[in-house]
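Visitor: pasting a predicted model and its sequence here:
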Amino acid sequence: MGAKTLVCRCEDVSLLDLEEAYKEGFRDMESLKRYTGYATGFCQGKGCQAHVARFLSQKSGGDDKVTNPTRTRPLLHPTPVAMFARAGEPELIDVTRLEADTQKPQTGEDAE
Amino acid sequence: MGRRINFLDDHPFDRGRKVRFQFEKQEISGYDREPLAAALIASGVRVFGRSIKYHRPRGPHCMRAHCSSCLMQVDGMPNVRSCQTMCREGMSVERQGGWPGSQWDVYRTVDWMTPKTLEHHGMFTQSAVINRAAMRVVRSLSGLGMAADVATAGRLDAQVGFSRVKPDVVVIGAGVSGLAAALAVAESGFQVLVIEREGLPGGRLLDGSVQFTGDGAEILSGWDAWRRIRPAWDERPQIQLHAETTALAVFLEQHIQVLACGSSDCMEILPKRLIVCTGAYEQGLVYPGNDLPGIFGLRALDRLVFRYGVVPGEPMIIVGESDQALRLALMMAEQGVRLGGVVTQRCDGELVHRLMGRNIALYQGRKLVRAHGGRGIQRLELDSQEQLDCRALGIDAPSSPAYELLHQAGCDVTFRSESGFMLISDDEGRTRRPHVFAAGRCTGTMPLEEARLQGERAGLACVQSLKSARIQTRASSSR
């Protein structure tokens, strides 16, 4: 009892689960996530992403083999759906356009 | 098991007035500026809920809204983080997960019957009929809490307001780097909106056991440094702080767009520049039994004992190598907390000698291999086969940078075994995307002083970029 070594406490994914999944051929962050469910819980991977990456780095022989965490998607925190119902259309007048650094500035940008 | 102790003399926080509330069939007292988790631990509660699959007991672990171990049902609302919810007079709190309840949970047998793992991928897949029946059973056994009724769920919707703001700069995270960045921006007269998930700005300075080297090489306690920084912060009209507000998403398509949500209002922020100072998440270690209630991150334990005055259990054991870990152990002992020992690789240094001077058992060069217990930690096993009596464990492990916001928005990250994924930015905090900066521990492990310098540099670079855009705009409109 209590012998399980948990890597992801939100979804009860253990080190053994990762080992088994690796043997099955799930050998990258994304497919391991899809198979075991790590990082899909309430905390969205804050406590397990680094552990799993370390696991893969050890298995595959180096940090440079683990280039990216799993795809991060918004929203990053549980949010009431009502927020979006109230949001309406975005209002994008008088807002700095992101190309401003690389392109010729246009009149009206960064208006004060 | 848990108990309250006196605050340290220089304790700078207000815990508010005493309130009483209902926890299942018990009446419990707490303070209205103290989180529910602290009040429950002080009253001896160890099991806060049950885990999603094996129904293993869960109790608070991070104390700062990073994990999922303290979720409870509060006034009918499920999945509420009890480490972030302040006690309220007359509130009603229940645990979630388990039958007939979380304390005694029949479903825990699932964990015992599958001592290695419950391999669910191929279970009940032979027949569609059996599969449907099995799904119904599994759905009732597993998962998080559910809303008590439709009216409760509707109440949550009714609370949400929505606003749209356009500051010059938004800083996400009011830790040491975020504070420095915001101050640098405000000093130049630009409007800066600061988003902070917690109730107070300050980040690591709010830890009781941290030390900070201030200007002129003066060594301050985190709390002293915090006290000194507060006036500069409060006096700047250009800085607007939104505490208890979490940044949910950053979109960098044609504009910088940040979505943030507090407990009762959400915001769409459209700033000219963005500085991300989200810091890092405290991590645990990987060993059998690492999820038992009573096991905390080092900083979580610091917060519980020094900020809220609640000792979760004794004897307490600290595992770690950092100065902060050793200093925390020493401070605990000085506060009268019964220490079971300190497990560390450190053999020398002033802190080690001071611990020895207090006759605190040092397990030097040993490693933690397993935690034993039922509804909470009871015993620690070391690689030397020593068994240590333990009711509260503080684990000091390298933090993992909070890279998500900008990774989601398309900025680059890199991986290092010691700490995890981190954002990539240059010396002045610039990321790959124009107008977007990152500083502090979201870009890698660093001491407080370095986090402050990075924040300051990112703030100054941001000001530079705003000023040059202003000049360009003037030039082009006069042309």
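Guide: Cool, the structure landed.
Visitor: now the strand or helix carrying residue B:171, how far from the centre of its chain.
Guide: According to DSSP states H and E, residue B:171 maps onto strand B:169-172. The chain centroid and the centroid of strand B:169-172 are separated by 20 Å, computed with Cα atoms, centre = their mean, to the nearest Å.
Visitor: do I have it right that residue B:74 meets residue B:84?
Guide: No. Using Cβ atoms under 8 Å as the test, residue B:74 is too far from residue B:84 to be in contact (10.8 Å). All C-beta spots, glycine's among them, are computed from the backbone N, C-alpha and C.
Visitor: show me what contacts residue B:252?
Guide: By Cβ atoms under 8 Å, 6 or more residues apart in numbering or on different chains, the contact list for residue B:252 reads A:98, B:409-410, B:433, B:436.
Visitor: give me the residue from the stretch 151-300 of chain B nearest chain A.
Guide: residue B:249 (3.2 Å; Cβ to the nearest Cβ).
Visitor: confirm that residue sits in a strand?
Guide: Yes. Residue B:249: assigned to a strand according to DSSP: H, G, I helix; E, B strand; the rest coil.
Visitor: who's in contact with it?
Guide: Shown in contact with residue B:249 (Cβ under 8 Å, 6+ apart): A:74-76, B:258-259, B:405, B:408-409.
Visitor: go again with 6 Å.
Guide: In this structure, residue B:249 makes contact with A:74-75, B:259, judged by Cβ atoms under 6 Å, 6 or more residues apart in numbering or on different chains.
Visitor: check whether stretch A:31-43 contacts chain B.
Guide: Yes. Stretch A:31-43 lies in contact with chain B when judged by Cβ under 6 Å from any Cβ of the partner chain; the contacting residues are A:41-43.
Visitor: nearest to chain B, of those?
Guide: So of the residues of stretch A:31-43 next to chain B, ranked by how close each gets to chain B (Cβ to the nearest Cβ), first place is residue A:42, at 3.6 Å.
Visitor: now do the SS call for that closest one.
Guide: Judged by three-state DSSP, the three-state class of residue A:42 is coil.
Visitor: pLDDT check: weakest of the contacts of residue B:252?
Guide: Among the contacts of residue B:252, residue A:98 has the lowest pLDDT, at 73.
Visitor: ok, back up a step: list the neighbouring strands of the strand holding residue B:171 plus their orientation.
Guide: Sheet pairing here is set by DSSP bridges, and for strand B:169-172 it gives strand B:192-195 (parallel), strand B:273-276 (parallel).
Visitor: ok, residues contacting that strand?
Guide: By Cβ under 6 Å, 6+ apart, the residues outside strand B:169-172 that reach it are B:178, B:181-182, B:185, B:190, B:192-195, B:247, B:258, B:269, B:271, B:273-276, B:278, B:462.
Visitor: for the next helix or strand after it, what is the distance to the chain centroid?
Guide: Using DSSP H and E, the helix or strand that follows strand B:169-172 in sequence is helix B:176-187. A distance of 22 Å separates the centroid of the chain from that of helix B:176-187, by Cα atoms, centre = their mean.
Visitor: cool, stretch B:99-112 as well?
Guide: 28 Å.
Visitor: for that stretch, list every residue counted as buried.
Guide: Within stretch B:99-112, the residues scored as buried using 16 or more other Cβ atoms under 10 Å in any protein chain shown are B:102, B:105, B:107-108, B:110-111.
Visitor: and those as JSON lines, adding pLDDT, secondary structure and distance to residue B:314?
Guide: Below are these laid out as JSON lines (pLDDT from 0 to 100; DSSP: H, G, I helix; E, B strand; the rest coil; distance: Cβ to Cβ, whole Å):
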{"residue": "B:102", "pLDDT": "93", "secondary structure": "coil", "distance to residue B:314": "24"}
{"residue": "B:105", "pLDDT": "94", "secondary structure": "strand", "distance to residue B:314": "26"}
{"residue": "B:107", "pLDDT": "91", "secondary structure": "helix", "distance to residue B:314": "31"}
{"residue": "B:108", "pLDDT": "93", "secondary structure": "helix", "distance to residue B:314": "26"}
{"residue": "B:110", "pLDDT": "90", "secondary structure": "helix", "distance to residue B:314": "32"}
{"residue": "B:111", "pLDDT": "93", "secondary structure": "helix", "distance to residue B:314": "27"}
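Visitor: outside of stretch B:25-37, which residues touch it?
Guide: Applying Cβ under 6 Å, 6+ apart, the contact partners of stretch B:25-37 are B:14-20, B:39, B:43, B:60, B:70, B:82-83, B:85-87, B:308.
Visitor: which of the residues you listed fall in helices?
Guide: Among these, the residues falling in helices (DSSP state H) are residue B:39.
Visitor: buried only: go through the contacts of stretch B:25-37 for me.
Guide: Listed as buried from the contacts of stretch B:25-37 are B:15, B:19, B:39, B:43, B:60, B:70, B:82-83, B:85-87, B:308; burial here means 16+ other Cβ under 10 Å.
Visitor: identify, from those residues, the entry nearest to residue B:425.
Guide: Nearest to residue B:425 out of these is residue B:83 (Cβ to Cβ; 30.0 Å).
Visitor: now the closest one: how far from residue B:331?
Guide: 21 Å (Cβ to Cβ, to the nearest Å).
Visitor: list the residues that contact the most centrally placed residue in chain A.
Guide: Taking Cα atoms, centre = their mean as the criterion, residue A:72 is the residue nearest the geometric centre of chain A, at 3.2 Å. Counting by Cβ under 6 Å, 6+ apart, residue A:72 makes contact with B:404, B:407-408.
Visitor: assumed it was part of a helix.
Guide: No. Counting by three-state DSSP, residue A:72 is located in no helix; its state is coil.
Visitor: what's the average pLDDT for the strand holding residue B:171?
Guide: 98.
Visitor: okay, buried residues for that strand please.
Guide: Residues of strand B:169-172 classed as buried: B:169-172 (neighbour count, 16+ other Cβ under 10 Å).
Visitor: wait, isn't residue B:124 in contact with residue B:132?
Guide: No. If you go by Cβ atoms under 6 Å, residue B:124 and residue B:132 don't touch, sitting 9.0 Å apart.
Visitor: the two: which is more packed in?
Guide: Shown here are residue B:124 and residue B:132; by other Cβ atoms under 10 Å in any protein chain shown, residue B:124 has more neighbours (16 against 10).
Visitor: so what's that one closest to, chain neighbours aside?
Guide: Spatial nearest neighbour of residue B:124, excluding adjacent residues (Cβ to Cβ, 6 or more residues apart in numbering or on different chains): residue B:134 at 3.7 Å.
Visitor: and that neighbour, how many neighbours does it have?
Guide: 15.
Visitor: what about the helices in the chain?
Guide: I'll assume chain A. For chain A, applying DSSP H gives helices covering A:15-24, A:29-36, A:49-60, A:82-87.
Visitor: actually, chain B is the one I wanted.
Guide: Going by DSSP H, chain B shows helices at B:36-42, B:109-113, B:128-141, B:150-158, B:176-187, B:222-234, B:298-302, B:323-334, B:350-357, B:404-408, B:448-478.
Visitor: what is the burial count for the residue lying closest to residue A:12 once chain neighbours are set aside?
Guide: Excluding the flanking residues, the one nearest residue A:12 by Cβ to Cβ, 6+ apart is residue B:53, at 3.8 Å. Residue B:53: 23 surrounding residues under other Cβ under 10 Å.
Visitor: give me the distance between residue B:53 and residue B:371.
Guide: Taking Cβ to Cβ, one finds residue B:53 at 19 Å from residue B:371.
Visitor: swap in residue B:316?
Guide: From residue B:316 to residue B:371 the distance is 13 Å (Cβ to Cβ).
Visitor: next: residue B:19.
Guide: In terms of Cβ to Cβ, residue B:19 sits 34 Å off from residue B:371.
Visitor: picking that back up, pull the strand holding residue B:171 out as PDB, backbone CA atoms only.
Guide: What follows is strand B:169-172, C-alpha atoms only, in PDB (Å, rounded to 0.1, in the frame of the first residue of the first chain):
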ATOM      1  CA  VAL B 169       2.100  47.900 -20.300                       C
ATOM      2  CA  VAL B 170       0.700  44.800 -18.600                       C
ATOM      3  CA  VAL B 171       3.000  42.900 -16.200                       C
ATOM      4  CA  ILE B 172       1.800  39.400 -15.400                       C
END
